[in-house]
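[1] need a 3D model of the sequence below.
(2 chains)
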Amino acid sequence: MLVDDDKSDNFFHEREIKKAALSTVVIIRDSAIDALEYLKSMNEKNDLKPDLIFLDINMPKMNGWEFLIEFSQLDRVIQINTMIMILTTSNNVTDRFRAKAWSFVSGYLTKPLTKEIITDIHKTYFLQKDI
Amino acid sequence: MTQIEIEHRIKGLELELRILRSAEEEIVRQNDALSKLNHFAIELSNMSYEDNLEELISKKIKELSGAEVSTFSEFDPENHITSVKCIELEPGMLNKVVKLLGKKIQNIHSPISQDMYEEISHDLVGWRKTLHEVSFGAISRPVGASVQALLNIDHFIGLAYMTEGKLYGTSVLGMKKHQPDPPKKILENFVHLAATSLQRKQIEKQLKIKIEELINTNKKLEQYAHANEELEQFAFIASHNLQQPLRTVSNYVQIFEEDYADRFDDKAFTYLKTVKDSVSRMMLLLNSLLDFSRIGRNIKLKKVSCKQLINNTVADLETLITSTQATIKVSAMPEIRVYESEFSQLIQNLIMNAIKFQKPGNKPKIMISSKKINSGWQFSISDNGIGIASKYFEKIFEIFQRLHNDSEYQGSGIGLAFCKKIVQLHKGIIWIESAEDQGTTIHFNIADLEE
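    Here you go, the predicted model:
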């Protein structure tokens, strides 16, 4: 799942993900609020449950940090089954530290996401699973 | 006892009585003067330097001495001139005196020669003088004599307010005929009191000026620091925000290449490559600018072994060092408190510069040394590179200044500006020693920094 207000980034990142793993379903939400809405209602609607969320930090209305706070209030099952990686422009040390504070955040990446990075993530975390 | 003997005795007693009376009068006079002196001392101690001290001095000395006229002149130590500031004299008389002098009292300036200065310092209270003498020659003998006659003055007394070898001003007292002179001791005490007050006033004035100067400098520094902060903030936000659209350009160029490769001809690929090169160059610039504006944010001093730190930095540059066959010698290094990551970035930048600016095919030889200086340490990094002409010594430390185009030596033009900022962060200075084709040595100081 891609959560980013920049549509062209979402478009490009989806392409890179598809290049690395064609069969992946990429859910795209261009606001943190919409993404949160999706996560909250996916059980009722029988929607696909994302294994991995790439989360942008700098977004209007609800930013990445605020999303993380909301995410921590969600059902434990979602928190356990969904991995979050920060995907942002900022290569700021402070932001990196801030991201580490959340147990369900497993990575901090700077844009752009590339096919190689996706392949790496796949190897490290999802070898048994299909993403 | 005979009649005559008795008369003699009475005369003797009368004489004794007269002597006693006059002695008593003298004591009363002295007591009176002493109490006036006391009051003066109290008034002085309550004065601030802004009050008119000069006027008070000339008023009080007239009161104390019973003089017909008194003045106060200020001494200008730079030009060695005293100038009359105030005079105590009945206004009608003053007008007549001014007519005789042919000029205003305030326009009487007396240059004091070195000899006069010496003379004054030996005798702060000068007795029985003429106006010509007490005005240090500023008033001529005949004019002085007519003023003296006009005011019915017997003689003048000159006072010099001097303490710790420094003259602050002078006074002139005009004593009437048959008016007893005030006791010298009292005048000396007065001079001492007045001189110390004048000295205090001057010190307070200088102090106030110094304080105002300091406040102004401080204000300027604050404004400067604030402007600097704003500028850094601007650089930070600008470079951060510019990254996003730039990355989109770069991403979409990639998409073009991937999706339309079969429809592009060679020309189109050349154009696309130019776009890509420009984008990556701009990314490099933006990232450098971002890093540059970040120096000094969230920093902490740490005591490190410079040897260890430099060795680590050298290890990080392993690939570059191997590929260029560079040799790096590191002499003895101290353990000092530095901003660790900034300091290692500084070393890394300087090593990379030493390797980069070489004639093609030349093997870089780099020497890093340190020495203790007064208030910290001096580090030097020298190389056998292309060197640099002295006219560029200042320019190279400015941001975005480059001496070579990209085809010769690639770079962002930010490296040495970066180094300068880091050195400044360590309260030091950075400078260069070099000549064309003679290699380059960069020196920088790091102050002893307290946490």
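
[2] for chain B, what is the nearest residue in chain A?
    A:F12 (4.2 Å; Cβ to the nearest Cβ). C-beta coordinates here come from the backbone N, C-alpha and C atoms, glycine included.

[3] what mean pLDDT does stretch B:269-281 have?
    Averaging pLDDT along stretch B:269-281 gives 88.

[4] returning to that earlier point: send the alpha carbons of the strand or helix carrying the residue of chain A closest to chain B over as CSV?
    Assigned by DSSP states H and E, A:F12 belongs to helix A:7-20. The C-alpha atoms that make up helix A:7-20 are tabulated as CSV, following Å, rounded to 0.1, in the frame of the first residue of the first chain:
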residue,chain,number,x,y,z
LYS,A,7,0.3,11.3,-7.3
SER,A,8,3.3,11.2,-9.6
ASP,A,9,5.4,9.5,-6.9
ASN,A,10,2.6,7.0,-6.4
PHE,A,11,2.5,6.3,-10.1
PHE,A,12,6.3,5.8,-10.3
HIS,A,13,6.6,3.7,-7.1
GLU,A,14,3.8,1.4,-8.3
ARG,A,15,5.6,0.9,-11.5
GLU,A,16,8.8,0.0,-9.6
ILE,A,17,7.0,-2.4,-7.4
LYS,A,18,5.4,-4.1,-10.3
LYS,A,19,8.8,-4.4,-12.0
ALA,A,20,10.1,-6.2,-9.0
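
[5] what's the neighbour count on the residue lying closest to B:A235 once chain neighbours are set aside?
    Distances taken as Cβ to Cβ, 6 or more residues apart in numbering or on different chains place B:S293 nearest to B:A235, at 4.0 Å, with adjacent residues excluded. A count of nearby residues for B:S293, using other Cβ atoms under 10 Å in any protein chain shown, gives 20.

[6] now do the contacts for B:S293.
    B:E232, B:Q233, B:A235, B:F236, B:S239 (Cβ atoms under 8 Å, 6 or more residues apart in numbering or on different chains).

[7] ditto for B:L159
    B:I61, B:L124, B:V125, B:G126, B:T170, B:S171, B:V172, B:L173, B:L187, B:F190, B:V191.

[8] now the element after the helix or strand that contains B:T322, going C-ward?
    Per DSSP H and E: B:T322 is located in helix B:318-324. The helix or strand immediately downstream of helix B:318-324 is strand B:327-330, counting by DSSP H and E.

[9] skipping adjacent residues, who's closest to A:E70 in space?
    A:L36 (5.3 Å).

[10] okay, the one you found: pLDDT?
    Confidence score, pLDDT, at A:L36: 94.

[11] ok, it - contacts?
    A:M62, A:F67, A:E70, A:F71.

[12] run a quick neighbour tally on the third one.
    Counted with other Cβ under 10 Å, residues neighbouring A:E70 total 15.

[13] confirm B:G169 sits in a strand?
    Yes - assessed by DSSP: H, G, I helix; E, B strand; the rest coil, B:G169 belongs to a strand.

[14] any idea how far it is from B:G102?
    Remark: distance between B:G169 and B:G102 (Cβ to Cβ, to the nearest Å) = 24 Å.

[15] higher neighbour count, these two?
    For B:G169 versus B:G102, neighbours defined as other Cβ under 10 Å are more numerous around B:G169 (25 against 8).

[16] for B:V134, which non-adjacent residue is spatially closest?
    B:G158 (3.8 Å).

[17] the one you found: neighbour count?
    When neighbours are counted by other Cβ under 10 Å, B:G158 registers 20.

[18] flag the shaky bits of the stretch 301-450 of chain B, pLDDT-wise.
    For the stretch 301-450 of chain B, residues meeting the criterion pLDDT under 70 lie at B:406-407.

[19] in it, what residue comes closest to chain A?
    B:S341 (8.9 Å).

[20] what are the buried residues along the helix holding A:F12?
    Applying a neighbour-count criterion of 16 or more other Cβ atoms under 10 Å in any protein chain shown, one finds A:S8, A:D9, A:N10, A:F12, A:H13, A:E14, A:R15, A:E16, A:I17, A:A20 buried in helix A:7-20.
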